[in-house]
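Novice: next one to model:
(one chain, ligands or ions: 1)
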Amino acid sequence: MNTPHINAKKNDFSELVIMSGDPNRVTYIAENFLKNSIQITNVRSMLGFTGYYQDVLVSVMCHGMGIPSAAIYVEELINFYNVKKIVRVGTCGAVRKDIFLKDIVVAMGACTDSSFNRVRFNQYDFSAIANFDMLMKTMHYAKKMNICIHVGNFFTSDTFYVKDKILFDLLKKYNILGIDMETAGIYSLSAEYNIQSVAICCVSDHLTLNQKISVKDRSYAFDNIIKIALLTLIS
Ligand code: HPA
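Specialist: Residues are numbered from 1 along each chain as shown. Below you'll find the predicted structure:
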């Protein structure tokens, strides 16, 4: 038996999972960072793998784009596969002048324009926050590896192609460091089901300066994030 969206067997997943939106990136992580990794699910080409990192069993699973997609995978991982810790590794946009392309931004919390959390939290405003222990570990390993990170608030948007200057000014004013499309949902589900999660992102788009990183820079910046994520996950 498996779930509607994951065809791995019941015990195929580790309790520790790295999640990312893109199946190619998930494959890259499994092939380049895990030992003896095997593909465990492929429904809709949303791939998942399990292998070893420093002799600890970890899984990598694709969550697609946006809260609705990510929520399906996160819920199935938690409720059917007994997953206990999730590190999201992804890309994000930035609006502030002191955050640059390729910078690493860790989401301490995430606001959202999505109704997902309001719907689930009886119309109240849910404060979607990272797990403190995992956040501390992320900071610890980044420091140990001499990698500069920004830690602060995210804005999780339902819309990728936004050209709303008023929104960008608001995000700047409220000190939003990263803009993505999943973190607020992953954090609220983690609270609801009492698991731990943290999101670590690389700035791929500067929305106010109209800049994007190249494919080559994207993978270089990513290697550092993956190392921090894996160490955070297994410690
Ligand atoms: N907006 C939302 N999500 C993103 C972005 C963005 O600009 N860049 C990478 N993920």
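
Novice: show me what residue of the chain gets nearest to the ligand.
Specialist: In the chain, the residue that lies nearest the ligand is residue 93 (2.5 Å; CB to the nearest ligand atom). In this view, the C-beta of every residue, glycine as well, is placed from N, C-alpha and C.

Novice: which residues touch that residue?
Specialist: 178-180, 203-207 (CB atoms under 8 Å, 6 or more residues apart in numbering).

Novice: out of those, who has the most neighbours?
Specialist: Among those, the one with the most neighbours (other CB atoms under 10 Å) is residue 178, at 31 neighbours.

Novice: bridged to it, which residues?
Specialist: residue 154 (DSSP bridges).

Novice: who touches it in this structure?
Specialist: 92-94, 99, 105, 107, 150, 152, 154-155, 201, 203.

Novice: and it, how far from residue 22?
Specialist: Separation of residue 178 from residue 22 (CB to CB, to the nearest Å) stands at 17 Å.

Novice: where do the helices sit along the protein?
Specialist: Using DSSP state H, the helices found in the chain span residues 23-33, 67-79, 116-120, 132-144, 165-173, 183-192, 215-234.

Novice: next one: the residue nearest the centre of the chain from residue 48, what distance?
Specialist: Compute the mean C-alpha point of the chain, and by CA atoms, centre = their mean the closest residue is residue 88, 2.2 Å away. Counting by CB to CB, the gap from residue 88 to residue 48 is 14 Å.

Novice: cool, residue 78 as well?
Specialist: Distance from residue 78 to residue 48, by CB to CB: 14 Å.

Novice: for residue 10, same thing?
Specialist: Using CB to CB, we find residue 10 at a distance of 14 Å from residue 48.

Novice: same check, this time on residue 75
Specialist: With CB to CB as the criterion, residue 75 and residue 48 are 15 Å apart.

Novice: those two: which has the busier surroundings?
Specialist: Using other CB under 10 Å, the more surrounded residue of residue 75 and residue 48 is residue 48, with 27 against 15.

Novice: in this structure the more buried one contacts residue 41, no?
Specialist: Yes: using CB atoms under 8 Å, residue 48 is in contact with residue 41, at 4.1 Å.

Novice: between these two, which contacts overlap?
Specialist: The contact lists of residue 48 and residue 41 share 6, 8, 12, 61, where a contact means CB under 8 Å, 6+ apart.

Novice: which of these sit farthest apart?
Specialist: 12 and 61 (10.5 Å; CB to CB).
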